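Engineer: Dropping a prediction and its sequence here:
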Amino acid sequence: MAHPIAAVKSAGIRHSIQWRFDLDIRRLPRWTRGLAVACVACHAPPCDAVSPGVTQSCAIPGWTDRDIDLRPPDRWDGVSPVPVLLALHGGGGDRATAARMGCPGGDPTSPGCLSVVAGNAGFAVVYADGTRSRVGNLRTWNAGGGADGWQCVSGRACAEGVDDLAYLDAVRAVVEGLLPVDGWYATGHSNGGAMAYRLACARSEVFRGIAPTGAGNQSATAPGCAPTAPVAILDLHGTADPCWAYDGGPAACLQTDGGAKLGVDATLVGTADRPGWTTHLGCDGGTEVTPVPDRADDGMHTDEIAYTGCRAPLVHLKTWGGGHTVPGGEPTAGARLVGPVTQDFLANERIVQFLLTARTDD
């Protein structure tokens, strides 16, 4: 079956796809729509210097309207190389929503927000912008897919074939011109998580570890996944995710075009015709399952599933009953649309802890 985005040829078809994506995004709550139209004409200047603990917005040469926010760690001495964590927003978000993603209580000033947790661990954090929709500030990544019935994830970035690998290469070049880098890492939610997987497939010589939430490795369906170096992976996903179904398939909250998404098992273990990360990392086929302490009376619980014998750590946090959410934060678009969020643990802490472990295992 031909995928409706796979063979995009004409501007008319691209308009149809984008119209459908934007229309479905209007299902979001009113407060989210307000964020979507904020500051669509604001552009940052080029950066020539950065300071410890100060977030600075920087333009990316050659990429109009796709600035970044860069925050070096508070205790950086201005000289020593630092690891950099690239944080990628979900479909319909932007770099500002990525900074709030997973913050306890949805409070952007919380010490549990990613910038603070990662900064305290010595990471610089980069928040990048995907391609903006034609209406408002609803941004997406071209994270792969689009062939043989598989959904291209997602939106305008897919419809127009935006080369987000090239964009993120340009982001790296800007950051590396501002501070000495000791390794790249990536995290992201949903569309952003799928983009993190695409980086692990296509830039494995650069990215040492990734931590996607609520996503699958859609790029394994097209253009394909062929990493040349081991990448540590922490995958977080809820079994009741209504937007990116745990087992894969056409379930969607925004881009309801009928295309299928790759599920968790197909991403991590793979299928007969599409190898997963246990193959890419040479794992021995075993797993070790450890229950995560069930601290919240929220009807959900999480298992940590560690794959054994791998050339780099491969771990899955499976939240039974969890939705399309980031554990420890708040639903980004209302629980009725994306499902519940567990408060048993703070995803930002687990992500940073995992990536620190990946650094020591290098």
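Structural biologist: That came through, no problem.
Engineer: any idea which element residue 351 lies in?
Structural biologist: Element membership for residue 351, per DSSP states H and E: helix 347-361.
Engineer: Contacts for that helix next, please.
Structural biologist: Applying C-beta atoms under 8 Å, 6 or more residues apart in numbering, the set of residues contacting helix 347-361 from outside is 83, 85, 102-103, 112-114, 117-118, 121, 123, 183, 185, 187, 208-209, 211, 213, 232, 234, 236, 312-313, 315, 317, 326-329. No exception for glycine: its C-beta is placed from N, CA and C like everyone else's.
Engineer: let's see 7 Å
Structural biologist: With C-beta atoms under 7 Å, 6 or more residues apart in numbering as the test, helix 347-361 has contacts from 83, 85, 102, 112-114, 117-118, 121, 123, 183, 185, 187, 208-209, 211, 213, 232, 234, 236, 312-313, 315, 317, 326-329.
Engineer: Which residues does stretch 325-343 contact?
Structural biologist: Against stretch 325-343 from outside (C-beta under 7 Å, 6+ apart): 27-29, 32, 90, 97, 101-106, 112, 189, 213, 236, 238, 240-243, 253, 296, 298, 300, 302, 319, 321-324, 344-348.
Engineer: Pull out the buried residues from it.
Structural biologist: For stretch 325-343, burial by neighbour count (16 or more other C-beta atoms under 10 Å) applies to 325-333, 337-343.
Engineer: Just the endpoints, please. Distance across it?
Structural biologist: For stretch 325-343, the separation between the terminal residues is 11 Å (C-alpha to C-alpha, to the nearest Å).
Engineer: got the CA coordinates for stretch 55-62 in PDB?
Structural biologist: Below are the C-alpha coordinates for stretch 55-62, written out as PDB (Å, rounded to 0.1, in the frame of the first residue of the first chain):
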ATOM      1  CA  THR A  55      20.700  30.600  28.300                       C
ATOM      2  CA  GLN A  56      21.500  32.300  25.000                       C
ATOM      3  CA  SER A  57      19.500  32.200  21.800                       C
ATOM      4  CA  CYS A  58      21.600  31.800  18.700                       C
ATOM      5  CA  ALA A  59      20.900  31.900  15.000                       C
ATOM      6  CA  ILE A  60      21.900  28.900  12.800                       C
ATOM      7  CA  PRO A  61      23.600  30.100   9.500                       C
ATOM      8  CA  GLY A  62      21.600  29.000   6.500                       C
END
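Engineer: State the phi and psi torsions of residue 277.
Structural biologist: Here is the backbone geometry of residue 277 (degrees, to the nearest 10): phi -70, psi -20.
Engineer: how about low-confidence regions in the stretch 1-150 of the chain?
Structural biologist: Flagging of the stretch 1-150 of the chain using pLDDT under 70 yields the residue ranges 1-42.
Engineer: where along the stretch 51-200 of the chain do the helices fall?
Structural biologist: 95-100, 114-120, 155-159, 164-178, 191-202 (DSSP state H, counting those that start in this stretch).
Engineer: Tell me which of the ones you listed sits nearest to residue 63.
Structural biologist: For the helices of the stretch 51-200 of the chain, proximity to residue 63 was assessed by C-beta to C-beta; helix 164-178 is nearest, at 5.5 Å.
Engineer: just the CA coordinates of the closest one, formatted as CSV?
Structural biologist: Extracted in CSV, the C-alpha atoms of helix 164-178 (Å, rounded to 0.1, in the frame of the first residue of the first chain):
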residue,chain,number,x,y,z
ASP,A,164,17.0,17.8,9.5
LEU,A,165,20.2,15.8,9.7
ALA,A,166,21.9,18.7,7.8
TYR,A,167,20.2,21.2,10.1
LEU,A,168,21.4,19.4,13.2
ASP,A,169,24.9,19.2,11.7
ALA,A,170,24.8,23.0,11.4
VAL,A,171,23.6,23.2,15.0
ARG,A,172,26.5,21.1,16.2
ALA,A,173,28.9,23.4,14.2
VAL,A,174,27.6,26.5,15.9
VAL,A,175,27.8,25.0,19.4
GLU,A,176,31.3,23.6,18.8
GLY,A,177,32.3,27.1,17.8
LEU,A,178,31.1,28.5,21.1
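Engineer: tell me which residues in it are buried?
Structural biologist: Taking 16+ other C-beta under 10 Å as the criterion, helix 164-178 shows 164-165, 167-168, 170-172, 174-175, 178 as buried.
Engineer: between those, which is closest to residue 224?
Structural biologist: residue 165 (13.2 Å).
Engineer: and the closest one, what does it touch?
Structural biologist: 202-203.
Engineer: Can you tell me which of the contacts of stretch 325-343 are classed as buried?
Structural biologist: Counted by 16+ other C-beta under 10 Å, the contacts of stretch 325-343 give 28, 32, 90, 97, 101-103, 112, 189, 213, 236, 238, 240-241, 243, 253, 300, 302, 319, 322-324, 344-348 as buried.
Engineer: quick one: low-confidence parts of the stretch 251-362 of the chain?
Structural biologist: Ranges of the stretch 251-362 of the chain meeting pLDDT under 70: 362.
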